[in-house]
Structures are given as C-alpha cells and as structure tokens.
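1. The following comprises the amino acid sequence and a computationally predicted model.
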Amino acid sequence: MTNVRRVVGDAGEEAVARWYARAGFEVLARNWRVREGELDLVARRADTIVFCEVKTRRGDAYGQPFEAVTARKQARIRGLAMQWLAAAGEHADVLRFDVASVRPDGRGDWLIEMIEAAF
C-alpha cells in the first residue's frame, strides 16, 4: 500500500473509531492482524461485539467503498472474528458485522455511511 493510501485508510479508520465512541462503544482492537488477515475495528457496547470492516476512498472512481466487501471477504472476516474472540478471551451475546464506507466530505472531515449488521 502506498503512503497516500495508508494515510487515507488510517484517517478513515480513526474517524470510524470516533463514530463508535460517540455511539457509546468501547473500541477493543484496531488493525488486529494474524496470518489469515486483518480486522479493522472491534468494538463493544453492553453484550454486543461489533467487527467493522472500514473501506475508505477519496472518490468514487472504483465504485462505492462498501462494494469491496465481497462474499469471500465476509467469510474471511467471520473466521477472523472467531480467532479474535478466542485470542482475546472475549464472548458476547450478540456478534455484529458492520461495514463503514468513508469518503471525504469536501470540508476537511469524513462522511461515514455505516451499514450495521451488513452481513
């Protein structure tokens, strides 16, 4: 990933982490990596743990950001979520998989479209 893409991606993930914090969630993990892949954000509120895939784009040239979360990617995220739960010793009554689509708002901030329980 080039530096620009990394900076944009990191900024988008930071914006989404703030979104979850404002919504009353505690962010438990960011960019959790294992050999099989990476979880962008893991957050908890009460008995719900959310695994959020963050897709940040500077424009729409390659389609809407959330379109990049294919069925194959969803399956990988589910598997990674199970690994994270085991590694962290966490459990929850509800597991939720969100997708955050993040784009610049044109005024120096980010426009976040959150798809809760996306898959």
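-> Right, received. Where do you want to start?
2. Could you list the low-confidence segments of the protein?
-> Residues of the chain that meet the criterion pLDDT under 70 lie in 1-2, 59, 61.
3. what about the helices in it?
-> All helices of the chain, identified by DSSP state H, fall at 3-22, 71-88.
4. Those helices: which one's closest to residue 110?
-> With C-beta to C-beta as the criterion, residue 110 lies closest to helix 3-22 of those, at 4.1 Å. Quick note: C-beta positions are derived from backbone N, CA and C, even for glycine.
5. on contacts alone, who are the packing partners of the closest one?
-> strand 26-34, strand 37-45, strand 48-56, strand 94-104, strand 110-115 (3 or more C-beta pairs under 8 Å, 6 or more residues apart in numbering; DSSP states H and E).
6. and with 6 Å instead?
-> Counting contacts by 3 or more C-beta pairs under 6 Å, 6 or more residues apart in numbering; DSSP states H and E, helix 3-22 is packed against strand 48-56, strand 94-104.
7. okay, the helices of the chain, which one's buried deepest?
-> Highest mean neighbour count among these (mean count of other C-beta atoms under 10 Å): helix 3-22, with a mean of 16.
8. Need the residues that contact it.
-> Residues from elsewhere that reach helix 3-22, judged by C-beta atoms under 6 Å, 6 or more residues apart in numbering: 27, 40, 43, 54, 56, 58, 100, 102, 110, 112.
9. Any chance of a ChimeraX selection covering the buried ones in the residues you listed?
-> The command below creates a ChimeraX selection of those among these that count as buried (16 or more other C-beta atoms under 10 Å):
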select :27,40,43,54,56,100,102,110,112
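10. Tabulate the contacts of helix 3-22 (a markdown table), appending distance to residue 71.
-> Output for these, formatted as a markdown table (distance: C-beta to C-beta, whole Å):
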| residue | distance to residue 71 |
| --- | --- |
| 27 | 27 |
| 40 | 18 |
| 43 | 23 |
| 54 | 18 |
| 56 | 21 |
| 58 | 26 |
| 100 | 18 |
| 102 | 22 |
| 110 | 27 |
| 112 | 23 |
